[in-house]
Every structure is written in C-alpha cells, then in structure tokens.
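Student: sequence-free structure coming up:
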C-alpha cells in the first residue's frame, strides 16, 4: 500500500503544509530542505545548502528560495509564499493543486487556465540543483519569471542587509553568476532556453522563520535578489533551471535532468522510503565516505556514526554496503582515534559503541571474526587500555591524553567498572547543557556505559583468544567475571515498589540513582549481557510499563517529578525536556532485540506493530524519514531533527530482526 500520498484538499491549508518538510540531497553534503509549499520556516531551509571547503567545510545557504511568477495578458500571478511580520506574502500556496514526493518532489499549480508542473532534484554527483518547469495547460501566451533570493551565510546564522554584499550579476552562458562575499564559491544560475535576465539588485527585509521563533532563536533575516529571469513558455514546453557552484552547458540541462530522474526510484512504500532515507545520510566527498547524524543541522558525529552504521549500510535491499561501512570505520581508526578517544570529545560511551558496530559488521565482512581482529584489533586494544588506565585532558587544552588516574575523566575503578565524571560536562549521550551546566550529568558509574564496557571487553577477549593474542588475553582474561559480578552488585535494585530494575547511575559514595530510564536496556540487548535471563526480564518489564510508547522509549518515567512530556519552547526548555521524558526511536532497536532474546517468535506481533506504527508518520514532519525524537506525552508530536540517522537505522534493524524471525 502506498504510504506517501498527500491530501490534495489540505495543501492550501498552511497548518497542514508548513508542518511537512521535504529533503533532497546530493550525497556529497549538499541538500535542499524546505516545506512542501516551498515556504521556508527554518534558518536551515534553502534550495541550495552546500559545504564550503574554503570556509572550513561548514554548510552554507547559498540559494534560499526561487520565486516563480506566471504572466498572462500583463497580469502577474506569483506562485511563491514567504512569511513577513504579521502576514504571508505572496500567497502562492492557494494555487497548489497537487504535491508528490516521489520520484522527486513535484508541485502542480493551477492559475486560471494555466497548469504548471515544478519538479525539483539535486544532482547526485555535483553541487547542482535542477528545477524543471513544464507548462501542462495554457489558453493564451504565457511568460515565466524566476527571481532567486540569495543568502550566502552559515546555515546556523541569519543574514542582514549590508553594503559589503556584491549584488552584481555577471553573465555566463544561459544566465548569470553571483558571489556575494569573497571566499564563497560562485553561484551559477542558468536556464536551458533563451531568457532575459533583468539585473535589479535589491534587499528584501524581514523574512520570518516561524520554527526558529518557536525554538526561541532569532528568526528574521534579509535576503538579496540580484534580478530575475523572464522567458516565454509554450504549452507542453519544459524549462530547466540550474543552480550550481560550477558553470554548466545550458543545452545539456534537459538531458541531465532526464538522466537523473531516470535513476530515481519510487518511494511510496514504507520500506523503500526508509532505505532511501538511510542512503541520504551517507556523504561521499573527496574520495571519503562519512555518515552525517541528521538533517538539517547535524554533521558527522562519532557516537551517532557507530550507533547507526550497521542499520544504514548493512540493511540495504540491493545488498549490504560493506565497503562503505568498512571505509567509515577505517577513517575513524586512522584519523580520529588518539590515545583511545575518537576526536576530542570525552564521551564515555562513544568509543564503546565502536565495538558494537564491529559486532554487527562481523557476519558481513569476508574474513569474519578473524578479519575484524586483524583489521581493528589494535584500535580495540588501544581503547580498552585507555579506559583501564584513565583518560583525560592532562594539559587543560582540550587534547586527549593519559594522566593521573585520580584526575582522569574516564577510568576503570577497582571493581572493574568504568567511572566517568568531569565537572561541568555530561559524558554520556544525555549531554544537553543550560548556562554552561549539564542538564543530566549522571556522574560516576553510568549503567549503559558499563553495559557497553562489559560487551566490549568480552568481545575483544574472545577475538584475541581465537587469534592467539596471548599477551592481551593474559592481561584481560579475569576481568569479565569481575565486571559481571560488580555490575549486578552496583546497579541491581531488588527492593523496589514496581519490581526490580537497574539504577541509572551510581555515584562514588555508592548512592544509587533510582530514575527509571531506558539506558538499562543496553544491559539486556547487547551480545554480551552481564545479567541473567530473570534479571533481563525484570528490566524489560519495567521499561515496557513505564517507558514504551508507539514512537520509541521515553527517557524518563512519567511518574518521576522531573518528567517533561512536551519538548517545546525556548532552547533552555527543550534542553530540560530532551532527556527528562522525550521519546527517542533509536532505543526501539534495543527494546525489540531484548524482546526477541526473551520471548523468541512470541514477540513477533509486538515488534511488527511497533514498526508498522511509523508508516503513518512518514507523511509528517520530515516526509519519507524518521525524526530525532517525539514528545513523551500523547499524541507524541515529532521534534528535533527532521531526519535522524540513529532513528532510521533502528527501524531498519528492527525490520531485519523481524525478517530473520519470520523466515
């Protein structure tokens, strides 16, 4: 059954259309992101958002929007829509009669006797946006006017009118090129038919982005237009507009569009849409593959990479993308691993997720476990020794290094468990900050960090034994039992009103945090668990009773006095709610994994219901994808990034688990 079908009658309703965002990428870091009526509601929105290497490789909004105007008998009909203070102007959404997402985002406008189709796509192999306009019907001579609005600013910022911007347009074949500021790339705006470009540089003021206003950020900006294209268009004729950081041949634009659209697949079904969304996170640039954490504001991040790598690369229907998976892991080992830490981020869990990514790769790589150890054994040992001996910032300059154990931020305690604490910083995935202070610091022994630690030690030790690495085995062979015994002694909460479960973290004086959080599920779901079946069942039951929702698991039980069921408002409000009740879909992978471990095929129905529940959601928020999070309270509105790699990866892993069971 087709999932991505939109309500045609509701397209003119801004409450409907402005809550639905489309995303197109070029697999090299560039993307198009806006609402389905092309009204930008975020500072991150734009038709051309590209990484600029000359400016540090960060993403910059070059082309913010493109206004289309249909002209007949001297009368103009502007098809665009923008938000200005107190009003929308123009109101081109009222002309929209259809929108489809696949094979590429397509809008159809009706203005009197004119029917105009607009198809938008990014070229996969270039930083080039193509928009094809086709005049399906017209009763009289028709002109098409295209007015570009330029930003040339960081996607995290906003532009204001200034005298430094170069508003001139310089001619190129089929159009013009512009470069508002030095060091930026030239933006080439071209069309594939004879057109007149009218140079008329001007600033338009106070575009408003309502999502930024709701999020408590500055939300108004000024955009510069350098002029507009105007051309005749006949019934049945197509005109292709190109925005590119390189000059192209106008006469080739039609064939480029045809070739690109022919490679697109239909994504109306649930799983094809998810597979396509997964591929959008893979960035191939300068002969290197990376995985971005999400759109529209995240970059590549090691933790999210390791958490989602298998789900993104190894579940694709045309075959596992093993080479891409290995290339990403190799890059992290060669260029990001220093003294047992990836980069300079002192997160206690990031390095341990690396081991789980290797476990998921094991059955896909040619040499299996032997190749995993041969290829990554050195990195695995470096991480484990660093955790055992203690890692911190010895010089206070942000550089990772070994240091006095008592001063280390991350270290193995005498009981074999991992201690992690850094004043003023949160060292787990629950890492939001307000006014320079962590909202959910969780100092000491964190339950999921130690579940990951036990899993990593057991896995590395088994591989080393099989490979005959006797020195490493001798150093570590006694540790798993010590971790396992002390894990239960440290975290297990036997005498609880609900029923037994695991403390979320334990401080140095032995005080146990009693918050019911989903972090404890990792002690049940990972390949090596420090818990027996009875203990896993109790943890699973508590998680199901207090944390499970149709969209994932809450980060805190609703019975907790600190619970925040709505993740809305200012940045400070959202930071508080983020890990105090907000729902994260990526946790479903570990919930379902535990369910199958405990109940086998008896868990199939619930797993399928959880996965199928997301089908209706692909029409909302970031269409065709899965967001970063949802409100803890029903109806569980989406929030955070519109498309998030760990969320998509988790659902694809759940689907794979279901498929393996159904076989």
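Tutor: Yep, that arrived. All values derive from a computational prediction rather than experimental measurement.
Student: rest of the way, CA atoms for contacts and neighbours
Tutor: Will do.
Student: mind listing what's buried in the helix or strand where residue 259 lies?
Tutor: Taking DSSP states H and E as the criterion, residue 259 maps to helix 253-263. By neighbour count with 16 or more other CA atoms under 10 Å, helix 253-263 contains the buried residues 253-254, 257, 260-261.
Student: pick out the most distant pair among the residues you listed.
Tutor: Using CA to CA, the buried residues of helix 253-263 reach their maximum pairwise distance at 253 and 261, which is 12.2 Å.
Student: if we can go back for a sec, which strands and helices sit next to the helix or strand that the helix holding residue 259 is followed by?
Tutor: Beyond helix 253-263 on the C-terminal side, the first helix or strand identified by DSSP H and E is helix 270-280. Applying 3 or more CA pairs under 8 Å, 6 or more residues apart in numbering; DSSP states H and E, one finds that helix 270-280 contacts helix 302-313, helix 645-662.
Student: just the residues contacting helix 270-280, thanks.
Tutor: The set of residues that contact helix 270-280 without belonging to it, under CA atoms under 8 Å, 6 or more residues apart in numbering, is 2-3, 25, 27, 266-267, 312-313, 316-317, 615, 618, 624-625, 643, 645, 648-649, 652.
Student: pick out the residue nearest the middle of the protein.
Tutor: residue 294 (1.4 Å; CA atoms, centre = their mean).
Student: low-confidence ranges in the stretch 51-200 of the chain?
Tutor: Counting by pLDDT under 70, the stretch 51-200 of the chain shows no low-confidence range.
Student: ok, back up a step: show me which of the contacts of helix 270-280 are buried.
Tutor: Judged by neighbour count, with 16+ other CA under 10 Å as the criterion, the buried members of these are 3, 25, 27, 267, 312-313, 316, 615, 618, 624-625, 643, 645, 648-649, 652.
Student: for residue 164, grab phi and psi.
Tutor: Per-residue torsions, residue 164: phi -80, psi -20 (degrees, to the nearest 10).
Student: what's the closest non-adjacent residue to it?
Tutor: Once its chain neighbours are removed from consideration, residue 164 has its nearest residue in residue 181; the separation is 7.4 Å (CA to CA, 6 or more residues apart in numbering).
Student: in contact with the one you found, which residues?
Tutor: Under the criterion of CA under 8 Å, 6+ apart, the neighbours of residue 181 are 152, 164-166.
Student: of all the residues you listed, which comes closest to residue 566?
Tutor: Using CA to CA, residue 152 is the member of the contacts of residue 181 that sits closest to residue 566, with 34.5 Å.
Student: on the three-state scheme, that closest one is what?
Tutor: In terms of secondary structure, residue 152 is strand; the call rests on DSSP: H, G, I helix; E, B strand; the rest coil.
Student: excluding covalently adjacent residues, which one is nearest to it?
Tutor: Taking CA to CA, 6+ apart as the measure, residue 152 lies nearest to residue 62, with 4.5 Å between them; neighbours along the chain are not counted.
Student: Validate this expectation: the one you found resides in a strand.
Tutor: Yes - if the criterion is three-state DSSP, then residue 62 is within a strand.
Student: gap between it and residue 186?
Tutor: Here residue 62 is placed at a distance of 9 Å from residue 186 (CA to CA, to the nearest Å).
Student: neighbour count: those two, which is higher?
Tutor: Applying other CA atoms under 10 Å to residue 62 and residue 186 shows that residue 62 carries more neighbours, namely 28 against 18.
Student: that one is in contact with residue 45, isn't it?
Tutor: No - with contact defined as CA atoms under 8 Å, residue 62 does not count as touching residue 45 (10.6 Å).
Student: just to revisit the earlier point, name the helices or strands packed onto the helix holding residue 259?
Tutor: Helix 253-263 makes packing contacts with strand 238-244 when contacts are defined by 3+ CA pairs under 8 Å, 6+ apart.
Student: contacting residues around the strand it packs on?
Tutor: Here strand 238-244 has contacts from 48, 63, 127-135, 187-193, 233, 253-254, 257, using CA under 8 Å, 6+ apart.
Student: how many neighbours does the residue nearest to residue 349 when sequence neighbours are not counted have?
Tutor: Across the structure, with CA to CA, 6+ apart as the measure, the residue nearest residue 349 apart from its sequence neighbours is residue 449 (5.4 Å). Neighbour count for residue 449, taken as other CA under 10 Å: 29.
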